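> predicted model and sequence below, questions to follow.
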There are 2 protein chains.
Amino acid sequence: MGGDKAPAVVIEGMCIARERHPQVKFLLFGDRLRLEPLLAKVAARDSCEVIHADQVVKGDDKPSQVLRHGRQSSMWLAVDAVLRGAAGGVVSAGNTGALMAVSKFVLRMLPGIDRPAIAAFFPTERGETVVLDLGANVECDAENLVEFAVMGEVFARIVLGIERPIVGVLNVGSEELKGHDTVRAAAATLREGNLPIRFHGFVEGDDIPKGTVDVVVTDGFTGNIALKTFEGTAKLYAHFLRDAFFNSRVARLGYMLARRALLKVKLRTDPRRYNGAMFLGLNGIAVKSHGGTDAVGFANAIGVAVDLVSQGFNEKIKDELVRLHAPGTPPAQAAAI
Amino acid sequence: MGGDKAPAVVIEGMCIARERHPQVKFLLFGDRLRLEPLLAKVAARDSCEVIHADQVVKGDDKPSQVLRHGRQSSMWLAVDAVLRGAAGGVVSAGNTGALMAVSKFVLRMLPGIDRPAIAAFFPTERGETVVLDLGANVECDAENLVEFAVMGEVFARIVLGIERPIVGVLNVGSEELKGHDTVRAAAATLREGNLPIRFHGFVEGDDIPKGTVDVVVTDGFTGNIALKTFEGTAKLYAHFLRDAFFNSRVARLGYMLARRALLKVKLRTDPRRYNGAMFLGLNGIAVKSHGGTDAVGFANAIGVAVDLVSQGFNEKIKDELVRLHAPGTPPAQAAAI
């Protein structure tokens, strides 16, 4: 029921995802009276089950209110299905803060993790880079950033298949003295090398699109603004291109010839392609879709969840965290995480 | 002497600027032995005077060291020329932190301003938007952000010629409850309306390229990362375009036809075009060029300084600040600034 055009977009997205992943079954949580008519005509009907929920979490509901009064909401019931093992993971385009609060409350944190983080992939010159946190924590201390580095590194290893991902901390310059105390303290811990992480040092905003490192660690305030500036700038560039192409007949002809190539560029920077941000640090798979996405975008968010579930991401990250905290590792490490 | 390719780029930039602004005279501060040979062959030689400086501020010099031991540096002497009235403004591609520290120490702050901010224009769908702070203050409180709003508003009014610029505070969402205490407190002061500012409310990262408001206010940490993410994403898009065009013969032909249009897009997003960030809040004109820019970019930074000087920016902003603090204005206003 969450997102700007729910539930229609969610159901259309499910249909696309079902084509891509025919083995997947869907549990749809929401108002049966609104869902059933939409489902009547879709081929994916036999792959899904509707679970009725009276309540809906609205976009402007406060997370604390949802925690107190939202137990019968479609969001809560969907997250609860992951806890009960009825679902392998949950995907929602609804209220981010509420989804995070409910997921944290219901699924609990992974052992050794203090705060969850929202992680997603950014397209870069070299491929893809994981950036976290994208908005779960607007204020972070150095320990939180170190935790994000650990989780982001495991995420990049498992999902991108990079053997030893390189991690950087986002800052206003690359020199050790730059930035504020929090980033300097986090970098100092990561630099000491007691953690099994390849630490690059500080990176700057342009290092995200350059793909300088595999994992960029930052607080949720800065990360959210970097993400949206990134998306907005790609749109601006596309806007300038359209302007230029349709301003002259020759350019328009050039556009016609290069259309296929330009479509490729559009696809490479399409925010829908990168839709589906993972809530890292929870004891279960929870994926957040952009509220304003369309069916293709929502299907991609489902794809992220399907990948994570089928790769056993949750078990793998638990193992990694246990390994990090295991006896035999230097004490500074356990203290840092 | 500052910047990656100094002093050659600075002198070439001066030559371009001199073509554009034939009335301007230049004082060049630096090592006479290195400058004179470069100047021997340039037409702008008669528009400039070399003032020898033994010392050079290096890119990694700490601002505090420069304040203690840098009085004979080319940077210090150049800023001092503004204080003495020998120069209308100073332009440097050198160490940003040192330039800020020296400018603050030598030129002092404007009355009523506690901290200077770095401001620059971003290209947007609607034209140009002023963003500040871009890196002078990595940590800011609510009062600092309100000051930035006041200075940014005056800057947009004078330089962009917008009669009543609209101001927004950068945040992770547009709702009043979003973000951390600092942005909420700053927005509350601006919303109360005791300041003669058209306050839009919170804006997000993608509102910068959209041009939702005329002035975007943020702390120097976030602003710097937004700026560099913006620049990096524009480069990434250009990189994807090149890739696409040169991957097929038909696309290459399309490129040939659309080349002039594409060049226009390149120019519109060219960071050189937006080179030249103003240090706002100082009692004098100081403009910072990107350290890595070329002669065209440096000439543009000179252009910013020329505009500000010829428009009497410093006198105008002083008047505005006096007006803001004048008796008769509500007391909350004076307290907020």
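Done, it's in.

> burial measure for A:Gly2, as a count.
By other C-beta atoms under 10 Å in any protein chain shown, 27 other residues sit near A:Gly2. Heads up, the C-betas are built off the backbone N, CA and C, glycines and all.

> kindly report the same for A:Glu128.
17.

> quick check: bridge partners of it?
A:Pro123 (DSSP bridges).

> what about whichever helix in chain A runs longest, distance to the chain center?
As assigned by DSSP state H, the longest helix anywhere in chain A is helix A:220-245. Here helix A:220-245 shows a centroid-to-chain-centroid distance of 18 Å under the convention C-alpha atoms, centre = their mean, to the nearest Å.

> identify the residue nearest the residue sitting nearest the centre point of chain A in space, chain neighbours excluded?
Closest to where the C-alpha atoms of chain A average out (C-alpha atoms, centre = their mean) is A:Ala277, at 1.3 Å. The shortest distance from A:Ala277 to any non-neighbouring residue, by C-beta to C-beta, 6 or more residues apart in numbering or on different chains, is to A:Ala120 (4.0 Å).

> phi, psi for the closest residue to chain B within the stretch 51-200 of chain A please.
The minimum distance from the stretch 51-200 of chain A to chain B, using C-beta to the nearest C-beta, falls at A:Val172 (4.2 Å). As for A:Val172, its main-chain torsions (degrees, to the nearest 10) stand at phi -90, psi 10.

> what about it, how many residues close to it?
Neighbour number of A:Val172 under other C-beta under 10 Å is 25.

> hey, where'd the helices end up in the stretch 201-337 of chain A?
Using DSSP state H, counting those that start in this stretch, the helices of the stretch 201-337 of chain A run over A:207-210, A:220-245, A:249-269, A:295-310, A:313-325, A:331-336.

> what's the least confident stretch among these?
Mean pLDDT is lowest for helix A:331-336 among the helices of the stretch 201-337 of chain A, at a mean of 38.

> the stretch 1-150 of chain A: strands as residue ranges?
Ranges of strands within the stretch 1-150 of chain A are A:26-30, A:48-52, A:89-92, A:117-123, A:128-132, based on DSSP state E, counting those that start in this stretch.

> out of the ones you listed, flag the one nearest B:Leu67.
Relative to B:Leu67, the nearest member of those by C-beta to C-beta is strand A:128-132, separated by 36.3 Å.

> rounded mean pLDDT for stretch A:76-96, please.
So the average pLDDT for stretch A:76-96 ends up being 97.

> that one and chain B, any residue contact?
No. Applying C-beta under 8 Å from any C-beta of the partner chain, one finds stretch A:76-96 separated from chain B by no less than 8.7 Å.

> measure the closest residue to A:Arg268 other than its chain neighbours to A:Val131 for me?
Spatial nearest neighbour of A:Arg268, chain neighbours left out: B:Phe240 (5.2 Å); criterion: C-beta to C-beta, 6+ apart. Distance of B:Phe240 to A:Val131, given as C-beta to C-beta, to the nearest Å: 18 Å.

> of those two, which one has the most company?
A:Val131 (28 against 22).

> not counting sequence-adjacent ones, nearest residue to the more buried one?
Distances taken as C-beta to C-beta, 6+ apart place A:Val216 nearest to A:Val131, at 4.6 Å, with adjacent residues excluded.

> so what sits opposite that neighbour in the bridge?
Assessed by DSSP bridges, A:Val216 has beta-bridge partners A:Val131, A:Gly168.

> what pLDDT does it get?
Predicted confidence (pLDDT) for A:Val216: 98.

> circling back to that earlier point, and the longest helix of chain A, which residues are buried?
A:220-241, A:244-245 (16 or more other C-beta atoms under 10 Å in any protein chain shown).

> same deal with stretch A:57-64?
A:57, A:61, A:63.

> ok, which of those also contact chain B?
Among the buried residues of stretch A:57-64, no residue sits close to chain B (C-beta under 8 Å from any C-beta).

> quick check, nearest of those to B:Leu28?
A:Pro63 (58.5 Å).

> so what's the closest one closest to, chain neighbours aside?
A:Ala101 (3.7 Å).

> residues in contact with A:Asp270?
By C-beta atoms under 8 Å, 6 or more residues apart in numbering or on different chains, the contact list for A:Asp270 is empty.

> quick one, grab the pLDDT at it.
Per-residue pLDDT puts A:Asp270 at 84.

> measure it to B:Lys264 for me?
24 Å.

> A:Met278 now?
From A:Met278 over to B:Lys264 (counting by C-beta to C-beta), the distance is 39 Å.

> same thing with A:Asp31?
For A:Asp31, the distance to B:Lys264 equals 50 Å [C-beta to C-beta].

> hmm, back to that, isn't the residue of the stretch 51-200 of chain A closest to chain B up against B:Phe221?
Yes. Contact criterion C-beta atoms under 8 Å: A:Val172 and B:Phe221 qualify, at 5.8 Å.

> now list whatever residues contact both of those two.
Listed as contacting both A:Val172 and B:Phe221 by C-beta under 8 Å, 6+ apart are A:179, B:135, B:138.

> can I get these in JSON lines including neighbour count, pLDDT and distance to B:Ile51?
Formatted as JSON lines, the shared contacts of A:Val172 and B:Phe221 follow (neighbours: other C-beta atoms under 10 Å in any protein chain shown; pLDDT from 0 to 100; distance: C-beta to C-beta, whole Å):
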{"residue": "A:Gly179", "neighbour count": "21", "pLDDT": "92", "distance to B:Ile51": "35"}
{"residue": "B:Gly135", "neighbour count": "25", "pLDDT": "92", "distance to B:Ile51": "28"}
{"residue": "B:Val138", "neighbour count": "20", "pLDDT": "92", "distance to B:Ile51": "33"}
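
> show me the buried residues of stretch A:57-64 that map onto helices.
A:Pro63.

> pLDDT added to the buried residues of stretch A:57-64, as a markdown table?
Below are the buried residues of stretch A:57-64 laid out as a markdown table (pLDDT from 0 to 100):
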| residue | pLDDT |
| --- | --- |
| A:Val57 | 96 |
| A:Asp61 | 93 |
| A:Pro63 | 94 |
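
> so what's A:Ser47 closest to, chain neighbours aside?
A:Arg18 (5.2 Å).

> the one you found: what's it in contact with?
Contacts of A:Arg18 (C-beta under 8 Å, 6+ apart): A:24, A:26, A:43-44, A:47.

> which among the residues you listed count as buried?
Neighbour-count burial (16+ other C-beta under 10 Å) applied to the contacts of A:Arg18 gives A:24, A:26, A:44, A:47.

> tell me which of these has the lowest pLDDT.
For the buried ones among the contacts of A:Arg18, the pLDDT minimum is A:Ala44, 84.

> state the distance from that residue to chain B.
Using C-beta to the nearest C-beta, to the nearest Å, one obtains 32 Å as the distance from A:Ala44 to chain B.

> ok, that residue touching A:Met14?
Yes. Here A:Ala44 lies in contact with A:Met14, judged by C-beta under 8 Å, at a distance of 5.8 Å.

> so which residues on the stretch 1-150 of chain A come close to chain B?
Counting by C-beta under 8 Å from any C-beta, the stretch 1-150 of chain A sits next to chain B at A:60, A:62, A:123-125, A:135, A:138-139.

> what's the most distant pair in those?
Spatially, the most separated pair among those is A:Lys62 and A:Glu125, at 40.2 Å (C-beta to C-beta).

> alright, I will stop here.
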